[in-house]
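# just a sequence and a predicted model for now, questions to come.
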Amino acid sequence: MARKTDAVFKAVVNDTDPSNGGKSYAVEVKGANYNHFLGKKIGDVVDGQFVGEGDHSLLGYKLQITGGSDRTGTPMRRDVEGGNRQAVLVTEGVGFKAHKLVRKKGERYRYRYSGLRKRRFFRGNTITQDTVQLNLKVVDAGKKSLGDIFGGEADSSDSKES
């Protein structure tokens, strides 16, 4: 269980404006703003004033919760109810890529099998005190762009991964 001193979310705000290159910005959410997110679910739209502090506040923005993870890296999943950790039998999708990596002659190959399923652990769709990271998407932009607010402090998670 989280202690009072650990009452912090790392909110990753993704800029959906294509002119900004789809950058993401990491912001800490703590204090009274932290309590505002508890009990919210994936898909809920929140006011941007609860993300950031002072000059980095997203006043005028509307943000949608798209996911998150706990301290062990277990991802949240939209179709799992509650905030607890559950084992789910999944096919290809969130949390499971449904391919097997095989090495042949020094090269790596991906083989996809139809009907491949695995049991994986996921967090429910409700934000609890065990949640550490939140993924947020801009639904309605404010007057200032995110680049101006954060001054180019783009998160390193916007790099291309396969």
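Arrived safely.

# residue 91 - how many residues pack around it?
A count of neighbours around residue 91, defined by other C-beta atoms under 10 Å, yields 11. Glycine gets a C-beta too; all of them are placed from N, C-alpha and C.

# swap in residue 141?
Residue 141 is flanked by 17 other residues according to other C-beta under 10 Å.

# relative to residue 149, how far out is it?
11 Å (C-beta to C-beta, to the nearest Å).

# same for the helix or strand that residue 119 is a member of, what does it pack against?
Assignment of secondary structure by DSSP states H and E places residue 119 within strand 118-123. When contacts are defined as 3 or more C-beta pairs under 8 Å, 6 or more residues apart in numbering; DSSP states H and E, strand 118-123 sits against strand 62-70, strand 85-90.

# the first one - what's its average pLDDT?
Taken as a whole, strand 62-70 has a mean pLDDT of 93.

# for it, buried residues please.
63, 64, 65, 67, 68, 69, 70 (16 or more other C-beta atoms under 10 Å).

# got the phi and psi for the residue most central in space within the chain?
Residue closest to the mean C-alpha point of the chain, counted by C-alpha atoms, centre = their mean, is residue 135 at 2.6 Å. Main-chain torsions, residue 135, degrees, to the nearest 10: phi -100, psi 130.

# I'd say it and residue 66 touch.
Yes - using C-beta atoms under 8 Å, residue 135 is in contact with residue 66, at 4.7 Å.

# who touches both of these two?
Counting by C-beta atoms under 8 Å, 6 or more residues apart in numbering, the shared contacts of residue 135 and residue 66 are residue 14.
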